[in-house]
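Enquirer: Need coordinates for the below:
(2 chains, ligands or ions: 2)
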Amino acid sequence: MKNEFTCIVCPMSCVLTVEEQNGEITVLGNGCKRGKEFGKNEFINPKRMVTTTVKVTGSHLNRLPVISTEELPLDHLFAYMHELYQVVLEAPVEKGQIIIENIGGSGVDIVASRSLNQIESKKERA
Amino acid sequence: MKELKIDVAVIGGGPAGLAAAIEAKDQGAEQVMILERDVELGGILQQCIHDGFGLHRFGKRLSGCGYAHHFIESVASKEIDVKLKTIVLEITDQRIIYAMNEIDGMMRIECGAIILAMGCRERTRSQVFIWGTRPSGVLTAGTVQRYINMEGYLPGEKAVILGSGDIGLIMARRMTLEGIEVEGVYEVMESPGGLTRNISQCLKDFQIPMYLSTTVVRIHGNRKLEGVTVAQVDENRQPIEGTERYIACDLLVLAVGLIPENELSRQLEVEMDPRTKGPIVDEHFMTSMPGIFAAGNVVTVFDLVDYVSLTGEIAGRGAAKYLQGKLNLELPAKDILPGDAVNFVVPQRIRTANAEDSILIYFRVKEEMRKVEVTATVDGEVCMRKKHPIALPPEMMVEKIQVGKIQEDARELRVSVKVG
Ligand SMILES: Cc1cc2nc3c(=O)[nH]c(=O)nc-3n(C[C@H](O)[C@H](O)[C@H](O)COP(=O)(O)OP(=O)(O)OC[C@H]3O[C@@H](n4cnc5c(N)ncnc54)[C@H](O)[C@@H]3O)c2cc1C
Ligand code: SF4
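Expert: Numbering: from 1, shown residues only, chains lettered A, B, ... in the order given. Ligands and ions are numbered 1, 2, ... in the order given. Next up, the predicted model:
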């Protein structure tokens, strides 16, 4: 079996040709070693980084951007999103703070991708 | 009016400005100040929550805000002055900045050197010329991005995207994940405007169709957008009769390109390049005005933040050298020119005696080409050749050239791309 993918790991967008012969997978066209791994994964079980926002109160922004610590199976993306929609946080939040541990039993965490301070007026009231 | 005197002023606190300020400070400039009109540093990156930033620089897949965080922390650790909610109104050729904010009021800032890092802004409906009414619900992709990712509200339920620039593609995915139905992406040109990787991960992953050589010809609805009419176009980008199709939608997202934000540069009358729509810069990203530098998307739309940071560093280094009297501006500058199949080059000038050992030249090709060879020639003599499997207009290309290969008395350096 043979398939073509565009490597999305970096903006070089190398076109990868992935072929399986006797259980062995070969990748051609990759500009670097990350592309080889991507090509193999894309063939077997496509994965993506998950990035979205969750609700946050008490900061100058209403949403906190979050990112997965590793790639997650694309198939379950909407299930992960659903779990993330339930989250409501209160500022302050530190970059890297775990928002959901082991999301959907995947072994991967979702963490804050920036810090958010508490707004001044809120601090005073507290 | 408050009067200040500083060494280096950086206008704009996006990735270009942050990198420039850090580098100027590291290279010995004492008083470095960033003037940023927003409430926080980071520029456009703060609304880019998706990953794909900094793989080459940090070896990690960061979100835009994660990438910015590294530089913001670094600025915080370095005694760099940051003035937020501060808008720069005017710059003079004597390197005087007029700026204002709530706390200081009007300020007159005398600067040793200035780095322009105002970024770019999106083209709007008036620049693409669509017929019809002017209802609400017609927004640029960047605005939609800010609404959804920072302010936290959804501007519609069913969207049509006009233009296949990267921001539009990213927003196609983003809106889908947030429950907005994306009907399709319409691109007037024959080929997509965005990067292949974004078409793959933002459209194909979600089965969002893209229609090439098709555009929005009419907007419907009086107060609120009710729908759009799309039609295919011919070679001259004229709508083909009989191909019109009506699509009901309450959101039209424009992703029709970016233009460098150069009101200040134009006022200042630095020499501009009509091809890049930004100031002409030399090997240190200094504009035609001594001591005034430019970096990042204000010079030309770079797309890639890694390149933006690099140009910031070059300009920051240049500003420090300028203050230390290490740049000899009496020397004649050689032109760096776009050759065959090349749309523009950045930088456009070089004084070899001032340059470092090598120089990076950024350029874009005019059309898609496969199996290409890039050559750089000095007065017609080849000084660098490099082969690439593909060259695409949406993807900025960059080549390194050894400055030692450019003779003192040479007049020009030219970058060309050809098949073979
Ligand atoms: C939607 C979108 C998606 C992107 N996706 C990617 C990606 O996946 N990967 C990637 O590598 N790159 C990506 N980029 C590109 C990258 O974000 C930009 O190239 C980068 O942010 C440009 O940096 P800059 O510092 O030149 O400009 P900006 O980030 O725009 O910063 C300019 C700053 O200057 C300030 N300013 C302007 N005028 C004034 C004034 N008069 N006074 C005071 N302050 C002023 C502005 O407020 C702003 O903060 C994306 C860009 C966008 C818009
Ligand atoms: S193969 Fe390597 S260089 Fe090519 S797109 Fe993938 S990560 Fe980038």
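Enquirer: Could you find the closest non-adjacent residue to residue B:93?
Expert: For residue B:93, ignoring the flanking residues on the chain, the nearest one in space by Cβ to Cβ, 6 or more residues apart in numbering or on different chains is residue B:289 at 5.7 Å. Yep, even glycine has a C-beta here, placed from its N, CA and C like the rest.
Enquirer: Doesn't the one you found belong to a helix?
Expert: No - counting by DSSP: H, G, I helix; E, B strand; the rest coil, residue B:289 is located in no helix; its state is coil.
Enquirer: how far away is residue B:357 from residue B:119?
Expert: As judged by Cβ to Cβ, to the nearest Å, residue B:357 and residue B:119 stand 30 Å apart.
Enquirer: again with residue B:296
Expert: Taking Cβ to Cβ, one finds residue B:296 at 6 Å from residue B:119.
Enquirer: In terms of secondary structure, what does the helix or strand in which residue B:231 is found contact?
Expert: Here residue B:231 sits within strand B:227-232, counting by DSSP states H and E. Using 3 or more Cβ pairs under 8 Å, 6 or more residues apart in numbering or on different chains; DSSP states H and E, the elements in contact with strand B:227-232 are strand B:214-220, strand B:245-248.
Enquirer: burial count for residue B:24?
Expert: Per other Cβ atoms under 10 Å in any protein chain shown, the neighbour tally for residue B:24 reads 33.
Enquirer: do residue B:283 as well
Expert: With other Cβ under 10 Å as criterion, residue B:283 counts 24.
Enquirer: Residue B:330 now?
Expert: 6.
Enquirer: and the stretch 101-250 of chain B, which residues reach ligand 2?
Expert: Listed as neighbours of ligand 2 in the stretch 101-250 of chain B under the rule Cβ under 6 Å from any ligand atom: no residues.
Enquirer: rerun that using 8 Å as the cut-off
Expert: residue B:197 (Cβ under 8 Å from any ligand atom).
Enquirer: Just the closest residue of the stretch 101-250 of chain B to ligand 2, please.
Expert: Nearest residue of the stretch 101-250 of chain B to ligand 2: residue B:197, at 7.0 Å (Cβ to the nearest ligand atom).
Enquirer: which SS class is that residue?
Expert: helix.
Enquirer: Mark out where each domain of chain A begins and ends.
Expert: A:2-44, A:51-125 (automatic domain parsing).
Enquirer: Save those domains as CSV, and put in mean neighbour count and distance to ligand 1 too.
Expert: Converted to CSV, the domains of chain A look like this (neighbours: other Cβ atoms under 10 Å in any protein chain shown; distance: least, Cβ to the nearest ligand atom, whole Å):
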stretch, mean neighbour count, distance to ligand 1
domain A:2-44, 17, 6
domain A:51-125, 17, 11
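Enquirer: Out of those domains, which gets the lowest mean score?
Expert: With a mean of 88, domain A:2-44 has the lowest mean pLDDT of the domains of chain A.
Enquirer: what about that one and chain B, any contact?
Expert: Yes - contact of domain A:2-44 with chain B (Cβ under 8 Å from any Cβ of the partner chain) involves A:5, A:6, A:7, A:8, A:9, A:10, A:11, A:13, A:15, A:29, A:34.
Enquirer: how does chain B divide into domains?
Expert: B:1-122+B:258-327, B:124-256, B:332-420.
Enquirer: So for ligand 1, which of those domains sits nearest?
Expert: Closest among the domains of chain B, once you apply Cβ to the nearest ligand atom, is domain B:1-122+B:258-327, at 2.1 Å.
Enquirer: Now do that closest one: distance to the chain's middle.
Expert: 12 Å (Cα atoms, centre = their mean, to the nearest Å).
Enquirer: looking at it, residue B:185 is touching residue B:212, isn't it?
Expert: No - with contact defined as Cβ atoms under 8 Å, residue B:185 does not reach residue B:212; the gap is 9.4 Å.
Enquirer: which one of those two has more residues nearby?
Expert: Comparing residue B:185 with residue B:212 by other Cβ under 10 Å, the one with more neighbours is residue B:185, at 30 against 15.
Enquirer: Could you single out the most deeply buried of the domains of chain B?
Expert: domain B:1-122+B:258-327 (a mean of 21; mean count of other Cβ atoms under 10 Å in any protein chain shown).
Enquirer: Check the average confidence over that one, would you?
Expert: So the average pLDDT for domain B:1-122+B:258-327 ends up being 95.
Enquirer: What ranges does chain A have for its helices?
Expert: A:33-44, A:77-85, A:120-125 (DSSP state H).
Enquirer: Kindly report the same for the stretch 151-300 of chain B.
Expert: B:166-177, B:196-198, B:263-268 (DSSP state H, counting those that start in this stretch).
Enquirer: Make TSV out of the domains of chain B and add distance to residue A:91.
Expert: TSV is the format used below for the domains of chain B (distance: least, Cβ to Cβ, whole Å):
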stretch	distance to residue A:91
domain B:1-122+B:258-327	13
domain B:124-256	13
domain B:332-420	37
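Enquirer: Whichever residue of chain A sits closest to ligand 2 and residue B:133: what is the separation?
Expert: Across chain A, no residue is closer to ligand 2 than residue A:35, which sits at 2.1 Å (Cβ to the nearest ligand atom). Applying Cβ to Cβ, the value for residue A:35 to residue B:133 is 48 Å.
Enquirer: Likewise for residue A:113?
Expert: Taking Cβ to Cβ, one finds residue A:113 at 39 Å from residue B:133.
Enquirer: Quick check: which of the helices of chain A is nearest to residue B:10?
Expert: helix A:120-125 (25.9 Å; Cβ to Cβ).
Enquirer: you'd agree residue B:317 is in a helix?
Expert: Yes - according to three-state DSSP, residue B:317 belongs to a helix.
Enquirer: Just to check, it is in contact with residue B:284?
Expert: Yes - counting by Cβ under 8 Å, residue B:284 is a contact partner of residue B:317 at 6.9 Å.
Enquirer: hmm, the helix or strand hosting residue B:364 touching chain A?
Expert: Secondary structure assignment for residue B:364, by DSSP H and E: strand B:358-365. No - if you take Cβ under 8 Å from any Cβ as the test, strand B:358-365 misses chain A, and the best it gets is 13.8 Å.
Enquirer: name the helices or strands packed onto the following helix or strand past that strand?
Expert: Next in sequence after strand B:358-365, counting helices and strands by DSSP H and E, comes strand B:369-378. Packing partners of strand B:369-378 (3+ Cβ pairs under 8 Å, 6+ apart): strand B:381-391, strand B:397-402, strand B:412-419.
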